[in-house]
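Enquirer: Provided below are the primary sequence and the corresponding predicted coordinates.
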Amino acid sequence: MWAELLPVGRSSASGGYRRYAWTAADADCRAWFREQAEARGLAYEVDRNGNQWAWLGDPTAGDAVVTGSHLDSVPDGGAFDGPLGVVSSFAALDELRHRGARFTKPLALVNFGDEEGARFGLACVGSRLTAGQLTREQAHRLTDGDGVTLAQAMESAGHDPDAIGPDPERLARIGAFVELHVEQGRALDLTGNAVGVASAIWPHGRWRFDFRGEANHAGTTRLADRRDPMLSYAETVLAARREAELAGAVATFGKISVEPNGVNAIPSLVRGWLDSRAPEQHTLDTVVGGIEKAAREYADAHGIDLDVVRESFTPVVEFDHALRDELARILGTDTGLTVPVLGTGAGHDAGILSGSIPTAMLFVRNPTGVSHSPAESAAEDDCVAGVRALADVLEGLACR
């Protein structure tokens, strides 16, 4: 399975992946998921929000156990972020069938759409829509860098954008959702464990900073006469690093748009996107507030107009304690594994769904801690350990 999926959406230039929602690469990933489901005799369906499901047992029976992740990527991302969870879900089902496991609850495997938000700027669109955290109207206003709306992209891919929205009936059928994911950090590498259980997701969000100045000739305009928004933006990037270091948080300006974007032109607009995350809400508020305060001071000093818009936000997610403890018990007591419980600064579909259904996560060791990069990796032995751990968890939840 891993070998079949590896070439899909891979850039020959960077070695990374460009699997953006509702593109040709995304369609190939979705076709792969359907093939895997049908090859195992699972009932395949696509919900109103474009998420793919593969069911073993009656989907309407209730108290289903669900596992899966996503197949899309960030720009030039790695092979493991998302796909490891989907591949492992099919592999875990194969392992359970090999064991002769007898399911007492329905089991579903899922591929959530547009988790990374690489194309339309908002993460976890598929799960947000399902959980009612994103309305149809808000989703229809999302556009990509070329001005294509989410609705247009979905329609071009053969889906009905007018049907998207909350799906409480589907969520009501689910008793537990467990997402396996490559760790995006080095906690497991430092402890020497192949697999861990998630405790919580840090609060995090994305903010857009629009610095508006005045376009002019780069060669003929005196420095004293310029209203150059790039200066304020650059100073704000440095301020973000300082604020994050002081608070023990993280803050990143990783995306920028410049107009008119000419080598010999002073910009009229510099638009930068801030991603910030912290262990607790108060710290995050302090960091982002400090960055915005500094940005406004720099903008005022250079005669620049500044607008700051919060485009997305996810509060701290404490995974369901009972389900988390059950995973630790299954893996610790039943199998004898040493399973550390650790937090993460990365967002996931499991975090979005946690407000609606019990959710939990398993992490697989990442020896370098690198993620959202072609250098992202996980050893085959650790991936196999992850599959076995997921199979143990699913057996404990769905076969008793």
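Expert: Received the coordinates, thanks. Numbering: from 1, shown residues only.

Enquirer: in the helix or strand where residue 323 lies, what counts as buried?
Expert: Residue 323 is part of helix 321-329 when elements are defined by DSSP states H and E. Across helix 321-329, burial judged by 16 or more other CB atoms under 10 Å covers 323-324, 326-328. (C-beta placed from N, C-alpha, C; glycine too.)

Enquirer: swap in stretch 242-252?
Expert: For stretch 242-252, using 16+ other CB under 10 Å, the buried residues are 243-244, 247, 249-251.

Enquirer: Give the rounded mean pLDDT of it.
Expert: For stretch 242-252, the mean pLDDT works out to 97.

Enquirer: What lies in contact with that stretch?
Expert: 240-241, 274-279, 283-284, 286-288, 290-291, 294, 345 (CB atoms under 8 Å, 6 or more residues apart in numbering).

Enquirer: Pull the contacting residues for residue 342.
Expert: 187-188, 196-199, 363.

Enquirer: Check these and tell me the two furthest apart.
Expert: Using CB to CB, the two most remote members of the contacts of residue 342 are 188 and 199, lying 13.3 Å apart.

Enquirer: Show me where the chain has its helices.
Expert: Shown for the chain, the helices assigned by DSSP state H span residues 2-5, 24-39, 83-99, 125-131, 136-140, 150-156, 168-172, 187-191, 229-247, 281-302, 321-329, 349-353, 380-398.

Enquirer: CSV please, covering the buried residues of helix 321-329 and showing pLDDT and distance to residue 304.
Expert: Listed next are the buried residues of helix 321-329 as CSV, based on pLDDT from 0 to 100; distance: CB to CB, whole Å:
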residue, pLDDT, distance to residue 304
323, 96, 49
324, 93, 47
326, 94, 53
327, 94, 50
328, 90, 52
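
Enquirer: Buried ones among the contacts of stretch 242-252?
Expert: 240, 274-279, 283-284, 286-288, 290-291, 294, 345.

Enquirer: now, which of the residues you listed sits nearest residue 399?
Expert: So of the buried ones among the contacts of stretch 242-252, ranked by how close each gets to residue 399 (CB to CB), first place is residue 345, at 33.6 Å.

Enquirer: And this structure, what are its domain boundaries?
Expert: What automatic domain parsing lists as the domains of the chain is 2-202+316-398, 205-314.

Enquirer: Tell me where the model's unsure across this protein.
Expert: 334-336 (pLDDT under 70).

Enquirer: now with 50?
Expert: Within the chain, no stretch has pLDDT under 50.

Enquirer: What's the local residue count around residue 6?
Expert: 12 (other CB atoms under 10 Å).

Enquirer: same check, this time on the one 10 residues further on
Expert: When counting by other CB under 10 Å, one arrives at 21 neighbours for residue 16.

Enquirer: now the one 3 residues further on
Expert: By the other CB under 10 Å criterion, the neighbourhood of residue 19 contains 28 residues.

Enquirer: so it touches residue 71, yeah?
Expert: Yes - proximity of residue 19 to residue 71 meets the contact threshold set by CB atoms under 8 Å, at 6.3 Å.

Enquirer: about what we covered before: what comes into contact with the helix holding residue 323?
Expert: Contacts of helix 321-329 (CB under 8 Å, 6+ apart): 176, 178, 197-199, 339, 341, 358-360, 362, 393, 396-397.

Enquirer: from what I can see residue 295 touches residue 305, true?
Expert: No - contact criterion CB under 8 Å: residue 295 and residue 305 do not qualify, at 11.5 Å.

Enquirer: more neighbours, these two?
Expert: A direct count of neighbours by other CB under 10 Å for residue 295 and residue 305 places residue 295 higher, at 25 against 14.

Enquirer: Provide a list of residues in contact with the more buried one.
Expert: So residue 295 contacts 209, 211, 232, 235-236, 239, 306, 308 (CB under 8 Å, 6+ apart).

Enquirer: Going by distance to residue 352, which of those residues wins?
Expert: Checking these one by one against residue 352 (CB to CB), the nearest turns out to be residue 308, at 24.1 Å.

Enquirer: That closest one and residue 209 touch, don't they?
Expert: Yes - counting by CB under 8 Å, residue 308 touches residue 209, with 5.5 Å between them.

Enquirer: more crowded one of those two?
Expert: residue 209 (25 against 15).

Enquirer: Residue 88 versus that one, what's the distance?
Expert: Counting by CB to CB, to the nearest Å, the separation of residue 209 from residue 88 is 38 Å.

Enquirer: do the same with residue 127
Expert: 18 Å.

Enquirer: what about those two, which has more around it?
Expert: residue 88 (31 against 26).

Enquirer: and that one, what does it touch?
Expert: Residues near residue 88 by CB under 8 Å, 6+ apart: 180, 364, 383, 386-387, 390.

Enquirer: and the residues you listed, which two are the farthest apart?
Expert: Greatest spatial distance among the contacts of residue 88 (CB to CB): 383 and 390, at 10.6 Å.

Enquirer: what's the nearest residue to residue 212 if we skip its chain neighbours?
Expert: residue 305 (4.3 Å; CB to CB, 6 or more residues apart in numbering).
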